[in-house]
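> Predicted model and sequence below, questions to follow.
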Amino acid sequence: MNSRKILKRFTNQESIEKTIERLINESYLSKERGEVLKKSLPDMIRKSEYVLYNLAVHTAIGTIFAFDLIPIPLGSISRFNWVLGNRIYHTVKDNKEKKQVHSYKVLAVSAIPFVGYLAYTIPLKKISEYLCYVYANHIIYNRKNESLESYLNRKPKLVRAPLKKFLIPEDLRKK
């Protein structure tokens, strides 16, 4: 899959709007909040295109190695190398903005099995807390056909609590 196809999967407004609708239908988002998100979606996608591309690449890496039978965490290694390579490249090119996207936090999270493909939600959250939430759900819906909350509820508390705190906006966690 080429980079344009990867990016299109994550910047297709109609596809993201379907995720927002599903979140509304499953009562994770209010209808009002969903409408605000849909209206601001084109601008938020435009502002976050580079981050979304990297998030899409990590998701693709996760898909490639999802059925790997070798007991080596190839997905984690690949994600880590993607972030590290980009960080080095943008350091050499002196592109501070893109280097920030590939931060040390993103690098560390990318190495964690099973959740590392969500590493680029870290810079996405800086753009919009709700956009981060929508995309985290978008990925989980596409990979597991369930909501982020449902997916996280099956994880050990040690992993679940910090991920919920990070990925779910505060006002939605208090519901």
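Perfect, thanks for sending it. Numbers count the residues shown, from 1 in each chain.
> Go through this protein and flag its longest helix.
Ranked by number of residues, the top helix in the chain under DSSP state H is helix 74-92.
> my guess is E129 meets P169, correct?
Yes. With contacts counted by C-beta atoms under 8 Å, E129 reaches P169, the gap being 4.9 Å. Where you see a C-beta, it was placed from the backbone N, CA and C, and this is true even at glycine.
> among the helices and strands of this structure, which has the poorest mean pLDDT?
Every helix and strand of the chain was ranked by mean pLDDT, DSSP states H and E. The lowest is helix 3-11, at a mean of 72.
> circling back to that earlier point, can I get the longest helix of the chain as CSV, trimmed to CA atoms?
Coordinates of the C-alpha atoms in helix 74-92 are reproduced here as CSV (Å, rounded to 0.1, in the frame of the first residue of the first chain):
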residue,chain,number,x,y,z
LEU,A,74,8.2,-7.4,15.0
GLY,A,75,5.4,-4.9,15.1
SER,A,76,6.8,-3.1,18.1
ILE,A,77,10.3,-3.2,16.6
SER,A,78,9.0,-1.8,13.3
ARG,A,79,7.0,1.0,15.0
PHE,A,80,9.9,1.9,17.1
ASN,A,81,12.3,2.0,14.1
TRP,A,82,9.7,4.1,12.2
VAL,A,83,9.6,6.8,14.9
LEU,A,84,13.4,6.7,15.5
GLY,A,85,14.2,6.9,11.8
ASN,A,86,11.8,9.9,11.4
ARG,A,87,13.2,11.6,14.5
ILE,A,88,16.7,11.3,13.2
TYR,A,89,15.8,12.4,9.7
HIS,A,90,14.0,15.5,10.9
THR,A,91,16.7,16.3,13.3
VAL,A,92,19.3,16.2,10.5
